[in-house]
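Enquirer: sequence and predicted structure are below.
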Amino acid sequence: MFEGKDGENSIEDIISRYKDDVASLATYIPWLKEHTKQQVAESYSNSELSNSMPFPVYDSTLLGFVKQAQQTGMMNRNYTYVYTRNHIANYKDELEFIKDAEIMQMDDLAGILSKYILEGQTKGTVWAEGVFTGVLYQLIYKMDDLIHFWGTTSY
């Protein structure tokens, strides 16, 4: 299952590719955990304008997390393949996949992150749903946990 020690997609390669990006997002773990099952966006509309459309207003920490995630090398516009390949259809499937994921599946975990960050740019509720369901918390926690475990293990 594991490829050679020094090759592409080796454990060392995966750790070196993800370590800094995951560390930059791991600072949000306490906030993501605390806000699971909480609303982090409100719908705002102007009652004085009869034809105005409501739009989401996000928690500033959520916006900081999204901006940080966008700046990582983890964004993959082909994230739909991750969902198809792993038979992920909803957030419960995402949580189950995250729970069982191993270091060699970091690209797939990044695909789940990509779905939330990229879809959230066009669908106003996606970012808040990722926080509410706990998917974003579990995802970043798992990635950080895998990096720490494999980064300190000799195999």
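Expert: Perfect, thanks for sending it.
Enquirer: give me the helices and strands touching the helix or strand bottoming out on mean pLDDT in the chain, please.
Expert: Lowest by mean pLDDT, DSSP states H and E among the helices and strands of the chain is strand 41-44, with a mean of 76. Strand 41-44 sits against strand 55-58, with contacts defined as 3 or more Cβ pairs under 8 Å, 6 or more residues apart in numbering; DSSP states H and E. Placement of C-beta: from N, CA and C, glycine included.
Enquirer: give me the contacts around the next helix-or-strand element following the strand it packs on.
Expert: Per DSSP states H and E, the first helix or strand lying C-terminal to strand 55-58 is helix 60-70. The contact list for helix 60-70 (Cβ atoms under 8 Å, 6 or more residues apart in numbering) reads 24-25, 28, 31-32, 35, 40-41, 75, 113, 117, 120, 127-128, 131, 136.
Enquirer: give the PyMOL command for selecting the buried subset of those.
Expert: Selecting only the buried entries of the contacts of helix 60-70 in PyMOL, with 16 or more other Cβ atoms under 10 Å as the criterion:
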select buried, resi 25+28+31+32+35+40+41+75+113+117+120+127+128+131+136
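Enquirer: report the buried residues of stretch 17-33.
Expert: Counting neighbours by 16+ other Cβ under 10 Å, one finds that the buried residues in stretch 17-33 are 17, 18, 19, 21, 22, 25, 26, 28, 31, 32.
Enquirer: could you find the closest non-adjacent residue to the third one?
Expert: Leaving out its chain neighbours, the residue that sits closest to residue 19 by Cβ to Cβ, 6 or more residues apart in numbering is residue 147, at 5.5 Å.
Enquirer: now do the fourth one
Expert: Here the nearest residue to residue 21 in space, its sequence neighbours aside, is residue 72; by Cβ to Cβ, 6+ apart that works out to 3.8 Å.
Enquirer: look at the one you found and give its secondary structure.
Expert: coil (DSSP: H, G, I helix; E, B strand; the rest coil).
Enquirer: count the neighbours of it for me.
Expert: Residue 72 is flanked by 17 other residues according to other Cβ atoms under 10 Å.
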